[in-house]
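1. Output the structure for:
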Amino acid sequence: MLAAPHLTKGAVGSARIAGVELRVAVEDDAEAIRGIYNVYVENSTFTFDLRPRSLTEQRAWLAARSGAHTALVAEDAGTVVGFGSLSPYRDRPAYATSVEDSVYVSPDEQGRGIGKLVLGGLLETAAASGFHAVFARIVGGHEASIGLHESFGFELVGTEREVGRKFGRWLDVVVMQRLLR
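-> Here you go, the predicted structure:
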């Protein structure tokens, strides 16, 4: 079992954006996270969820992200403007040193560097937790997310063809990976 880093409710990470704090998510962030996430559920193929999350479901999701498999939020003047998480890559024990990242930014906050702030914090957290590999599974054609991950040294390791279906379209998933050294 990997040890959880010493994370607190305080700031995380070394990257900075004026006025924005990156911190570990707490239960009170569930509604704000849900609000951001559900915009993407309802209006994009960036997540393969087909129905919006309820507050109860979001709280359960957040409760499952503790210790090394954490969730971070980017907060600007008391408002959550983005979030990200580290989740187990697969459930078999030999995969325990690998995680999958997820990053979401409020649509009206895009272009400010929030995604970079969140992904940077997730990578620092993953390294501090002793993980070896971080994976990103990104819907094909989502160039902003692919570019974000490339900027942090992720490399394309494969494409899963037509593995999802949403809005009447077959969707590919691009798999990217970064090894932490």
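2. host element of the closest residue in space to D101 that isn't next to it in sequence?
-> What sits nearest to D101 in space, not counting adjacent residues and going by Cβ to Cβ, 6 or more residues apart in numbering, is L122, at 5.1 Å. Just so you know, the C-beta spots here come from the backbone N, C-alpha and C atoms, and that holds for glycine as well. Using DSSP states H and E, L122 maps to helix 114-128.
3. list the contacts for the residue nearest to the spatial centre of the chain?
-> Per Cα atoms, centre = their mean, the C-alpha nearest to the average position across the chain is that of S102, at 2.0 Å. When contacts are counted by Cβ atoms under 8 Å, 6 or more residues apart in numbering, S102 touches 84-85, 87.
4. Just the ones of these in strands?
-> 84-85, 87 (DSSP state E).
5. pLDDT score assigned to G67?
-> You'll see G67 listed with a pLDDT of 84.
6. Could you list the low-confidence segments of this structure?
-> Along the chain, the parts satisfying pLDDT under 70 run over 1-15.
7. quick one: the helices in it?
-> Using DSSP state H, the helices of the chain run over 30-43, 55-63, 114-128, 143-151.
8. so how far is the second one off the chain centroid?
-> Computed by Cα atoms, centre = their mean, to the nearest Å, the separation of helix 55-63 from the middle of its chain amounts to 15 Å.
9. between it and helix 30-43, how many degrees?
-> Relative orientation of helix 55-63 versus helix 30-43 (axes from the mean of the first three to the mean of the last three Cα atoms, to 10 degrees): 110 degrees.
10. Buried residues, helix 55-63. List them.
-> 58-59, 61-62 (16 or more other Cβ atoms under 10 Å).
11. bridging residues for the residue nearest to the centre of the chain?
-> S85 (DSSP bridges).
12. and the gap between it and A71?
-> 9 Å (Cβ to Cβ, to the nearest Å).
13. between those two, what contacts are shared?
-> Counting by Cβ under 8 Å, 6+ apart, the shared contacts of S102 and A71 are 84-85.
14. what about the residue nearest to D101, how many residues close to it?
-> By other Cβ atoms under 10 Å, the residues close to L122 number 25.
15. 29 is where my numbering starts, stick with that
-> Yep, numbering from 29; the last one is L150 now.
16. Can you name the residues that contact it?
-> By Cβ under 8 Å, 6+ apart, L150 lies in contact with 100, 112-114, 129, 131, 162.
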